[in-house]
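> next comes the sequence, and after it the predicted model I'd like to discuss.
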Amino acid sequence: MNAPAKLVEVLPQTVEFRLDDKTINAFEGETILKAAQRHGVDIPHLCYKDGYRADGNCRACVVEIQGERTLAPSCCRSVTAGMEVQAQSERALKSQKMVLEMLLSDMPDVGYKWTDGERGMDCGSGAAMTASCHPGLDPGSMVVGQHGELSEWAARMDVAVRPELKALRREQPAADMSHPAMAVNMDACIQCNRCVRACREEQVNDVIGFALRGAHSEIVFDLNDPMGDSSCVACGECVQACPTGALMPKTQVGSQVVDKKVDSVCPFCGVGCLVTYNVRDNKIISVDGRDGPANHSRLCVKGRFGFDYAHSPQRLTVPLIRKAGVPKDPEALQHLNRDTADWSGVFREATWEEALALAGGTLKSLRDTHGSKSLAGFGSAKGSNEEAYLFQKLVRTGFGSNNVDHCTRLCHASSVAALLEGVGSGAVSNQVNDVEHSGLIFVIGSNPTSNHPVAATWMKNAAKKGAKIVLADPRITDIGQHAWRTLQFKADTDVAMLNALIHTVIEEGLADQDFISRRASNYAALKENVKGYSPEAMEPICGIPAQTLREVAREFAKAKGAMILWGMGISQHVHGTDNARCLIALSTVTGQIGKPGSGLHPLRGQNNVQGASDAGLIPMMFPNYQRVTNKAAHAWFEEFWNTKLDDQPGYTVVEIMHKALAPDSDPHKVRGMYIMGENPAMSDPDLNHARHALGSLSHLVVQDIFMTETAWLADVVLPATAWPEKTGTVSNTDRMVQLGKQAIDAPGEAKPDLWIIQQLAKIMGPHAPLPPEGAVRALGRPGDAARPDWNYEGEHAGVAAVYEEMRQAMHAAISGITWERLQRESSVTYPCLSADDPGSPTVFLDHFPTEDGRVKLVPADIIPANERPDVDYPFVLITGRQLEHWHTGSMTRRTVVLDAIEPMATASLCGADLQSLGLQPGDVITVQSRRGQVAIHVRQDDGTPRGAVFIPFAYYEAAANLMTNAALDPFGKIPEFKYCAVAIRRGGQPAVTAGYGTQTSASH
């Protein structure tokens, strides 16, 4: 990616005022409290929280201002030039202490007394809390009078509560333990309003509010429902905001003591929220949001409460080898209960030496016997950049081919193909929170409130400030509640609808001709192509009224900034690349790219799918998207890695599965695979085919943290580290390289992924090392050469050394982001070209990284789905994720809270289809395609259109991908997950699961 132009930074003006008889400076518009904090003066405050709107209702922060009769709340009073403020005068201090004393007088004297409502058990209080209560409750000592920030300020201000105030204490409300994740103890509530602002203004979920008035006022959930019965989505923002512990994680009820706090990055979606792990006795007991550039302390239910998978009793802790004579049975996976299955009848424990020798030695033998094309590797978007880099290096230099891929092939491959073709870069142009500068936010093929919840909060915040959200999707999801217009188009008609918008922009003279003439190519061909796509002609095809299409097109073109954010609803089609081409064209013809609040943003689904792609974990690209067919890039990497390299693209995920089933006569038949942290036996389309392919391999090595469906088909299983057990970097959807630090030790004999890769590389050796005369030479300065001996020294399996090698391999993109800088700053945006470069949140400001510096516009025409509904299969199946679970569920379904909230697989149908099929919510249906079927309970969702059924793919007992179609987009080679024909019939027998939450509850 070429160096972008920089935005001009405007520095705020300052004003001078006096604070406690000292002259200090404040920024124009800054509050007294903030200015005082910056100058080291602490003023007590409870209702104020940094980053939230100041409310001024607790009056703990009052100060005396010269010339004013009453004391003023410093949290919401702005500084003016010449103002004289006394924060520590006798009058101010007396008032501050009085407020703290009155609030503290209403607090319970001892810790909390909880009752487990599920079982009617008295859990005791404080140190007496019993271990037999709810699994979230942590028995242990609670310091008497310990009430968070309130107690801290009282101690600092030397405040003691008089007995006469205690006598006037309010009647204490009962505790509410109805929610799986959070405890509600309103006897500690001071009605500071922080939880209300957290829920309504930060996360914009509108669950928490005030009820009644005066002395009877109280905090309520929805219509005064128990928290567990409310519409709460468990983001936990209220818990993080609460200053007294009235709202708190159940895992922190009891002892508040932690051994350490460790900064890291959330291991789930691509938003890349920074987190802090609170650790006690080598266990994470809670997670706090950290003020990172992507989240500013916000988290979702997965990020805040989905951490205990790392402590699951189902973790792999020793290497395993398949027992002699035990066959691989792909069909058995359909009946496998992930929660209770015992691997001991299939595998035996082994030492690391034995397991590595068998894994690496057999792969080497296959390579040497059948050639380099006989091996393939699937890396992971759930690990670190360093792991992705080393993994692809091993495949290219050790296996000898480019047969390496990962889950980007299953999510945004078509988006990246179109972006590389059109704008010269596969990364986003603007970061998600840049929507605050947008006039219109176009969300298409994405369900951000479920899949990217924190990113969705920025969209909702922008809408509250006047931005117009347009939701374009066959399903109306929760973000539709905040939308100005919803375009519920017929599934598979994306190109028709988008071309109609482009047609309107051009026909009505709304195209930005100046931008087009300076910065675009092939406009004439695009203009000619969309002539036949008028909104009137497309209305019967896409199902959107022509007038609505024209209205949206006008607003998009005229907006001060219009940003397009899309998900896999755009990419997972045989015409996914064409869908993305249309989005590029729409942004370009309106000039809505290369400026704040505009541009193109494919939302990445996994925590490191961006970074893994950047690091080269794709079959046609070296690191930093340098094509393997590019002679100069090929020569550079041969020299850098001191190994002969394949100059042809490798096979993609689905193609590798086909090659695994190829006849023995095929010289490119895939016979051996190494899979790290991926679960293709659940994530690939047409699972029966994929599982048969995996089961037919001569040798399969799986490296993971759990016994996944893929691992059950392996010959060797290597136990690896979970994200909190490692140090490494990841790159989020916003192009931020972010550092996560190891918080806990790995269980048993589990080893760091980097260490395992290095050991296998040493056993296999290079496929074809260069002769001595072609060996690595200095490439500019000492240390530039890579390490052909695979010896990366240092802690965490040499992660810093691997990162520095990767930084050289990626050339300019991250050249300014050193390991030392990441340790200091935690997060740096790329492209970043030098040590003093702050990074570039917005790119393409004055040119595009294409050969001519212009966008290449590519016309697109309607291409129907590979498989259409018919009489036998009249419904359309749409797959996706849901809020509480992620990807194939191997992590989130082993998390107590997440599994308790969403424990059962469901299929969503609209009310009209339920009625026509004679169904009620909760009934069992069987959904069947031409490839497979599942029995599943039905849920009513009127956002799902008639004739469609939505099924999440995280449930092994109802694996949606048994039914999906493996037909590929010809450019991105991505399968058509989002569209296939299915039949629905009443009845069936759903698979029974143990229920991880229930199982773990019993074990506690």
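All right, it came through fine.

> contacts and neighbour counts: CA atoms only from here.
Will do.

> the residue nearest to Gly880 when sequence neighbours are not counted: neighbouring residues, count only.
Beyond its immediate neighbours in the sequence, the residue positioned closest to Gly880 (C-alpha to C-alpha, 6 or more residues apart in numbering) is Pro952, lying 4.9 Å away. Applying the criterion other C-alpha atoms under 10 Å, we find 22 residues in the vicinity of Pro952.

> Pro952 contacts Trp886, doesn't it?
No. Pro952 is beyond contact range of Trp886, at 9.3 Å (criterion: C-alpha atoms under 8 Å).

> just the pLDDT for Gln334.
According to the per-residue confidence, Gln334 scores 87 in pLDDT.

> repeat for Glu793
82.

> does it count as helix, strand or coil?
coil (DSSP: H, G, I helix; E, B strand; the rest coil).

> not counting its neighbours along the chain, what's nearest it?
Using C-alpha to C-alpha, 6+ apart and skipping the chain neighbours, the partner closest in space to Glu793 is Ala801 (7.0 Å).

> any idea which helix or strand carries that neighbour?
Following DSSP states H and E, one finds Ala801 within helix 795-809.

> using CSV, write out the CA atom coordinates for the helix or strand just after that helix.
Next helix or strand after helix 795-809 toward the C-terminus (DSSP H and E): helix 819-825. Backbone C-alpha positions of helix 819-825 (Å, rounded to 0.1, in the frame of the first residue of the first chain) are rendered in CSV as follows:
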residue,chain,number,x,y,z
TRP,A,819,8.3,-4.5,18.3
GLU,A,820,9.5,-2.0,20.8
ARG,A,821,6.9,0.5,19.6
LEU,A,822,4.1,-2.0,20.0
GLN,A,823,5.2,-2.8,23.5
ARG,A,824,5.0,1.0,24.2
GLU,A,825,1.8,1.9,22.3
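
> and Tyr523, what does it touch?
For Tyr523, the contacting residues are 516, 857, by C-alpha atoms under 8 Å, 6 or more residues apart in numbering.

> next one: the one 4 residues further on
If a contact means C-alpha under 8 Å, 6+ apart, then Lys527 has 503, 506 as its contacts.

> would you verify that it is located in a strand?
No. Checked against three-state DSSP, Lys527 lies outside a strand; its state is helix.

> confidence score at it?
Model confidence at Lys527, given as pLDDT, is 98.

> what of Gly111?
The predicted local confidence for Gly111 is 43.

> so for stretch 799-808, what's the average pLDDT?
In the prediction, stretch 799-808 has an average pLDDT of 96.

> what's the answer for stretch 642-655, then?
Per-residue pLDDT values across stretch 642-655 average out to 96.

> so what touches that stretch?
Outside of stretch 642-655, the residues that reach it under the criterion C-alpha under 8 Å, 6+ apart are 378, 396-397, 400-406, 409, 618-621, 628-629, 634, 637-638, 684, 766-770, 774-776, 788, 966, 973, 975.

> ditto for stretch 878-892
Under the criterion C-alpha under 8 Å, 6+ apart, residues 268-269, 301-302, 306, 309, 449-451, 453, 679, 682-683, 706, 708, 893, 898-899, 901-902, 948-956, 960, 977-980 lie in contact with stretch 878-892.

> would you work out how far apart the start and end of it are?
For stretch 878-892, the first-to-last residue distance is 21 Å (C-alpha to C-alpha, to the nearest Å).

> avg pLDDT for the lengthiest helix in the chain?
The helix of greatest length in the chain, counted in residues with DSSP state H as the criterion, is given as helix 352-370. Confidence for helix 352-370, expressed as mean pLDDT, is 98.

> how far does that helix sit from the chain's center?
The gap between where helix 352-370 is centred and where its chain is centred comes out at 35 Å by C-alpha atoms, centre = their mean, to the nearest Å.

> okay, buried residues for it please.
352, 355-360, 362-364, 366-367, 370 (16 or more other C-alpha atoms under 10 Å).

> what about this protein, any weak spots by pLDDT?
1-11, 110-145, 772-785, 994-1004 (pLDDT under 70).

> picking that back up, what does the following helix or strand past the longest helix of the chain contact?
Using DSSP H and E, the helix or strand that follows helix 352-370 in sequence is strand 375-378. Strand 375-378 is contacted by residues 363, 366-367, 395, 399, 401-406, 653, 656, 670-676, 678 when judged by C-alpha under 8 Å, 6+ apart.
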